[in-house]
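> Dropping a prediction and its sequence here:
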Amino acid sequence: MFEELANEMKQFVKDLEDNIENPKDLKYILKRSETLFDVVFSEINKLADREAERLKEMRKKQKHNEKRMDELESKMQYLDENLDYLIKDIYGNEDGEFKITCPYCNYEFNLDIDEDEVEILCPECKNIIELDWNDDEEN
């Protein structure tokens, strides 16, 4: 960008030198042009400095946000693991099975959850076990 601008300035000065015959007028126009270009370049540099500062701040905020995202991902992983643990604890395992302990012989086995089923036969002692899916205290 600056190289193109520098080339354009050189062409501008050359064009003035080629087309202005009076040396006094040429000197005046070149001096005024130089002053104008200095002001323009100064403003361009200020803009570039402000943009560089904004970019620096954006990078700083991005780093902060990335750190926060890592923390949130870690917390989400922790919550997911605990949720899995709770589901397994409540329902037995992730396959929709429920862990049953026979009240007569203490035999443990898994049973597919079917809330319509109200009793089952213990595979070990063959006693009938009543199921209470609602976990009523009186049952």
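That came in fine, so what should we check first? Quantities reported herein were computed from a predicted structural model and do not represent experimental measurements.

> residues in contact with the most far-flung residue of the chain relative to its centre?
The outermost residue of the chain relative to its centre, with distances by C-alpha atoms, centre = their mean, is N22 at 65.5 Å. Neighbour list for N22: empty [criterion: C-beta atoms under 8 Å, 6 or more residues apart in numbering]. In short, each C-beta sits where N, CA and C put it, glycine included.

> Okay, the closest residue in space to L16 that isn't next to it in sequence and L5: tell me how far apart.
Closest residue to L16 apart from its sequence neighbours, by C-beta to C-beta, 6 or more residues apart in numbering: I29 at 5.8 Å. According to C-beta to C-beta, to the nearest Å, I29 stands 19 Å off from L5.

> What strands line up against the helix-or-strand element of the chain with minimal mean pLDDT, and which way round?
Of all helical and strand segments in the chain, the minimum by mean pLDDT, DSSP states H and E falls on strand 97-101, at a mean of 80. Note on strand 97-101: by DSSP bridges, its sheet partners are strand 108-112 (antiparallel).

> gap between the next helix or strand after the strand it pairs with and the chain center?
Using DSSP states H and E, the helix or strand that directly follows strand 108-112 along the chain is strand 119-121. Centroid separation between strand 119-121 and its chain, computed with C-alpha atoms, centre = their mean, to the nearest Å, is 50 Å.
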